[in-house]
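A.B. asks: Okay, sequence plus prediction incoming.
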Amino acid sequence: MSGERVKLLGNWASPSALRVKWTLKLKEIEYEYVEEDLPNKSPLLLKYNPVHKKIPVLVHGGKPIAESLVILEYLDETWKQNPILPEDPYERAQARFWAKFVDEKCAPGIMSAFTKKGEEKEKAAKEARENLKILESGLGEKQFFGGESIGFVDIAAGWIGIWARLVEEIAEVNLIDTVNLIDTETMPVLDTWFKRVLEVPIIKECLPPQDKLLEHNKGFHKMLTGGSRGSS
């Protein structure tokens, strides 16, 4: 089964698609990549993900799998080499917990700070910082969430090290750089971990061009907020 053809439908600026690319590369899986123009979704995407009509979608042997965390687990179960989830059942449960925390708490908070204005933006940024601090507590003193090497949670959360910085610059908020804030502790452990993950060669080589990503997200921010950057 693992020898059947693999195709990934994604978008260059999507953190969710980036997770899947990272996993495919880490597990040394050959695949075909299909770039999706999200405002003009292809018939292929609508065929393979008729429920949510979103990327990423992995197609393996003609069968589609949607949702990035689901795809990551599928890849790990189907291709046994270079595992990203721990063997120990408790550790596997913990990895799933933190990955879900990233998607249900960290990502929405960062997105809210990106799209809100004025007091609502500052409130969203404060909540995002609190959740990032909780994520930092899950790392503890380990090099990676996966221990000595990169694993499931590192892949699930590593994108924040790029996108949170973009939000800080474009929306003019503090998320990770909290040194000048009175109500929030700094996050040196999390900041160092982001840098460590993004310097892993396979992770680094898959990153989109930063200047292109910045301009893309500036346009996205302008569209979502209806114009000017910063508070109003």
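C.D. replies: Cool, the structure landed.
A.B. asks: contacts and neighbour counts: CA atoms only from here.
C.D. replies: Will do.
A.B. asks: show me where this structure has helices.
C.D. replies: 15-26, 43-48, 68-78, 89-101, 107-115, 118-139, 152-157, 160-171, 188-198, 201-205, 210-225 (DSSP state H).
A.B. asks: Point out the most buried one among the ones you listed.
C.D. replies: helix 152-157 (a mean of 25; mean count of other Cα atoms under 10 Å).
A.B. asks: Apart from its neighbours in sequence, what residue is nearest residue 84?
C.D. replies: residue 151 (4.4 Å; Cα to Cα, 6 or more residues apart in numbering).
A.B. asks: Help me confirm that that neighbour comes into contact with residue 144.
C.D. replies: Yes. Residue 151 lies in contact with residue 144 (Cα atoms under 8 Å); the separation is 7.4 Å.
A.B. asks: quick one on the thing from earlier: would you mind giving the helices of the chain as CSV with mean pLDDT added?
C.D. replies: Listed next are the helices of the chain as CSV, based on pLDDT from 0 to 100:
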stretch, mean pLDDT
helix 15-26, 98
helix 43-48, 96
helix 68-78, 98
helix 89-101, 97
helix 107-115, 96
helix 118-139, 94
helix 152-157, 98
helix 160-171, 94
helix 188-198, 93
helix 201-205, 95
helix 210-225, 93
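A.B. asks: now those in TSV, with distance to residue 32?
C.D. replies: Listed next are the helices of the chain as TSV, based on distance: least, Cα to Cα, whole Å:
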stretch	distance to residue 32
helix 15-26	11
helix 43-48	14
helix 68-78	15
helix 89-101	26
helix 107-115	28
helix 118-139	33
helix 152-157	20
helix 160-171	25
helix 188-198	24
helix 201-205	17
helix 210-225	23
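A.B. asks: residues contacting the residue nearest to residue 84?
C.D. replies: Applying Cα atoms under 8 Å, 6 or more residues apart in numbering to residue 151 gives the contacts 83-85, 144-145.
A.B. asks: what pLDDT does it get?
C.D. replies: On pLDDT, residue 151 comes in at 97.
A.B. asks: Please state the backbone phi and psi of it?
C.D. replies: Dihedral angles of residue 151 (phi, psi; degrees, to the nearest 10) stand at phi -140, psi -160.
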